[in-house]
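1. Here is a sequence with its predicted model. Questions after.
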Amino acid sequence: MKRHQRTTRHQAWFTTAGLTAAAAACAGLHAAGEAAAEAPKPAPTWKTSAAIGATLTRGNSDTLTVNGTIDSVRKWAQNEAAAGFSVTYGETDDQETANNMAAYGQYNRLFSERFFAYGRVDFLRDILADIDYRIGLSPGAGYYFLKDDKFTLAGEVGPG
C-alpha cells in the first residue's frame with residue numbers, strides 16, 4: 001500500500017471517528033438538555049424573613065423601644081400567600097409609649113402575570129390606644145407594576 005493511500009485512509013478514519021464522537025456528544029447534550037427541561041420543578045416553599053430592633057437612649061430622657069417582625073411568602077403557579085406578625089414595645093422615663101401587636105394573612109389569585117384579586121385578614125391589638133382587638137377582612141384587586149425575582153412594586157385597591 002502506498003504511503004499516500006495510507007495517509008488518506010487514516011485521515012478518513014480520524015475524520016469519521018471525530019464526526020461520530022461529535023455527533024454522539026451533541027446527542028448526549030441534547031438528551032441531557034431535554035431531561036433537564038422535563039425535570040419537575042421543586043415544590044414551592046415559604047420564604048421567611050425576620051427582624052428585631054432595639055433603641056436605647058440615656059440623657060435628658062431615658063427611652064427604650066424594642067420591636068420584632070416576621071414575614072413569610074409563598075408563590076406557586078397562579079397563587080400567592082403571605083403572612084406576618086409584628087410587635088412593638090416602648091417606654092420613656094418609665095412611662096409606656098408603645099405596646100402593640102399586629103398580624104396579617106393575604107391570599108392572591110393571579111389572573112395574568114400582573115393582575116390579581118386578593119383576600120386579606122388583619123389583626124391589631126394596641127394597649128395604649130385602648131384597642132383590645134381589631135379584625136379586618138378585606139377583598140380587593142391588585143396589579144404588579146414591576147415584578148422580577150428580586151423586586152416587586154404592586155398597587156392594591158379594596159375596602160379596609
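-> That came in fine, so what should we check first?

2. got a list of contacts for stretch 63-83?
-> Contacts of stretch 63-83 with the rest of the structure, by Cβ atoms under 8 Å, 6 or more residues apart in numbering, involve 44-57, 84-93, 97-98, 103-111, 116. Where C-beta positions appear, they are placed from N, C-alpha and C, glycine not excepted.

3. can you rerun that using 6 Å?
-> Contact partners of stretch 63-83, identified using Cβ atoms under 6 Å, 6 or more residues apart in numbering, comprise 44, 46-57, 84-92, 105-108, 110.

4. And the buried ones among those residues, selectable in ChimeraX?
-> The following ChimeraX selection, which keeps only the buried ones among the contacts of stretch 63-83, applies the criterion 16 or more other Cβ atoms under 10 Å:
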select :84,85,87,88,89,90,106,107,108,110
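
5. List the ones among the contacts of stretch 63-83 that fall in strands.
-> Counting by DSSP state E, these place 47-57, 84-92, 105-108, 110 in strands.

6. What is the least confident helix or strand in the chain?
-> Within the chain, no helix or strand scores below helix 3-38, which has a mean of 47 by mean pLDDT, DSSP states H and E.

7. what's the nearest residue to residue 135 if we skip its chain neighbours?
-> Leaving aside its sequence neighbours, residue 135 sits nearest to residue 123 (Cβ to Cβ, 6 or more residues apart in numbering; 5.5 Å).

8. and that neighbour, bridged to which residues?
-> In this entry, residue 123 is beta-bridged to residue 103, residue 135, by DSSP bridges.

9. Please identify the buried residues of stretch 147-155?
-> Buried positions in stretch 147-155, judged by neighbour count with 16+ other Cβ under 10 Å: none.

10. start to end distance for that stretch?
-> Stretch 147-155 has an end-to-end distance of 12 Å (criterion: Cα to Cα, to the nearest Å).
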